[in-house]
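1. Make a model of this:
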Amino acid sequence: MAIDYTNLNRLDLNLLVAFDALMEERSVTRAAARVSLGQSAMSHALGRLRAAFGDDLLTRGPDGMTPTPRALALIEPVRRALRDVEAIVAPPKPFDPATAERVFTLGLPDSTEVLLMPRLVAHLRAVAPGVTILLRNVDRIRILQDLDSGRVDLGIGLFEEGRTHHKRRLLHRDNYLCIFNPELVGVTPPISLDDYVRLPHVLTSLVESPHGVVDDALARIGRKRVIALTSPRFTAVPFVVRAAPVIATMHSRVALFFAGDMGLAVSPAPIELPDIAISMLWHSSFDDDPAHRWLRETIRTLRGGQPALD
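-> Alright, predicted model coming up:
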């Protein structure tokens, strides 16, 4: 139901505080003391309440002031509304991970998921068993919209600076490594530039583009590569590389993780590529929220972080 702002604007919401005190104390004098008002100010508030509700609300009798039937019907709805307002404006409650029941939604690529989630989930089960993580796919273009809409609480990835109402913190810097099956491609590390452009490549792209930083670097030296496959899933690439005579250029942490388990070779790329800055990104509304601060600090500790870029 839409809010009737015109009608609502007729009532000073502070009068609801006065109403609650009057119903609790059944005395103008005691109600005034309860909310730190002068007696004349509380009497004036009662007059405005009577005008707003079209009812006497309190009538004087031999035993003091008595609520009218209309006032009695309003007591619980008004008190419930005041509790709701109090919950909205109250400062966030302290966050106790051991007892908290909370769902956090994280947006991150699968390359970060495979490195971070095993440690994070193990840590949460030990110290915060009531905390649940919901993961969503993310990309640099959509992340700001996801944060603004509340679809995502925290983004982790290769992000540019957000808008003024976003906060960003660097987690770590990375570089690139080539990963390949030396038996299938007939090359041993370190890979030469000629072999690098001769062999077909697997490209990972979250924005579904068959062009990446490698292509920009090659173009600067007048070279090109052949793309055999473009995929948005980083973790699928090593399996393709293990089975096919292709190479991939990946973030070094992910490349080393899979190369060790799958018997693949890694090599520095034979071209100059920019460093990678992996960051957390969140809406500034959550900057001082105790639960969000705890989650960010937990991730920073497990991931290995660097000073903030806020």
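2. alpha carbons only for contacts and neighbour counts from here, please
-> OK.
3. Could you list the low-pLDDT ranges of the protein?
-> 1-10, 208, 304-310 (pLDDT under 70).
4. just the helices in it please.
-> 5-8, 14-25, 28-34, 39-53, 69-89, 110-127, 143-149, 182-185, 193-198, 213-220, 237-243, 252-262, 290-303 (DSSP state H).
5. What residues does the residue most central in space within the chain make contact with?
-> The chain has residue 153 as the residue nearest its centroid, 1.7 Å off, counting by C-alpha atoms, centre = their mean. Residue 153 is in contact with 104, 105, 106, 107, 147, 282, 283, counting by C-alpha atoms under 8 Å, 6 or more residues apart in numbering.
6. Filter those down to the buried ones and express that as a PyMOL selection.
-> Listed next is the PyMOL selection for buried residues among the contacts of residue 153, using 16 or more other C-alpha atoms under 10 Å:
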select buried, resi 105+106+107+147+282+283
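7. can I get the contacts of residue 153 in TSV with distance to residue 52?
-> Converted to TSV, the contacts of residue 153 look like this (distance: C-alpha to C-alpha, whole Å):
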residue	distance to residue 52
104	43
105	44
106	47
107	49
147	41
282	43
283	40
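8. Tell me the residue in this protein that is farthest from the middle.
-> residue 62 (59.8 Å).
9. Quick check: phi and psi at that residue.
-> phi -60, psi -20 (degrees, to the nearest 10).
10. mind putting the helices of the chain in CSV, distance to residue 158 included?
-> Below are the helices of the chain laid out as CSV (distance: least, C-alpha to C-alpha, whole Å):
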stretch, distance to residue 158
helix 5-8, 43
helix 14-25, 47
helix 28-34, 54
helix 39-53, 56
helix 69-89, 34
helix 110-127, 10
helix 143-149, 11
helix 182-185, 29
helix 193-198, 25
helix 213-220, 13
helix 237-243, 18
helix 252-262, 14
helix 290-303, 15
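11. For residue 278, find the nearest of these.
-> Residue 278 sits nearest to helix 110-127 of all the helices of the chain, at 9.2 Å, using C-alpha to C-alpha.
12. Export only the CA atoms of the closest one, formatted as PDB.
-> Taking Å, rounded to 0.1, in the frame of the first residue of the first chain, the C-alpha atoms of helix 110-127 are listed here in PDB:
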ATOM      1  CA  ASP A 110      35.000 -18.500  -9.500                       C
ATOM      2  CA  SER A 111      38.800 -18.000  -9.400                       C
ATOM      3  CA  THR A 112      38.400 -16.200  -6.100                       C
ATOM      4  CA  GLU A 113      35.800 -18.700  -4.900                       C
ATOM      5  CA  VAL A 114      38.200 -21.600  -5.300                       C
ATOM      6  CA  LEU A 115      41.000 -19.900  -3.400                       C
ATOM      7  CA  LEU A 116      39.000 -18.200  -0.600                       C
ATOM      8  CA  MET A 117      35.900 -20.200   0.100                       C
ATOM      9  CA  PRO A 118      37.500 -23.400   1.500                       C
ATOM     10  CA  ARG A 119      39.300 -21.400   4.100                       C
ATOM     11  CA  LEU A 120      36.400 -19.000   4.800                       C
ATOM     12  CA  VAL A 121      33.800 -21.700   5.200                       C
ATOM     13  CA  ALA A 122      36.000 -23.800   7.500                       C
ATOM     14  CA  HIS A 123      36.700 -20.700   9.600                       C
ATOM     15  CA  LEU A 124      33.000 -19.800   9.800                       C
ATOM     16  CA  ARG A 125      32.000 -23.300  10.900                       C
ATOM     17  CA  ALA A 126      34.500 -23.000  13.700                       C
ATOM     18  CA  VAL A 127      33.700 -19.500  15.000                       C
END
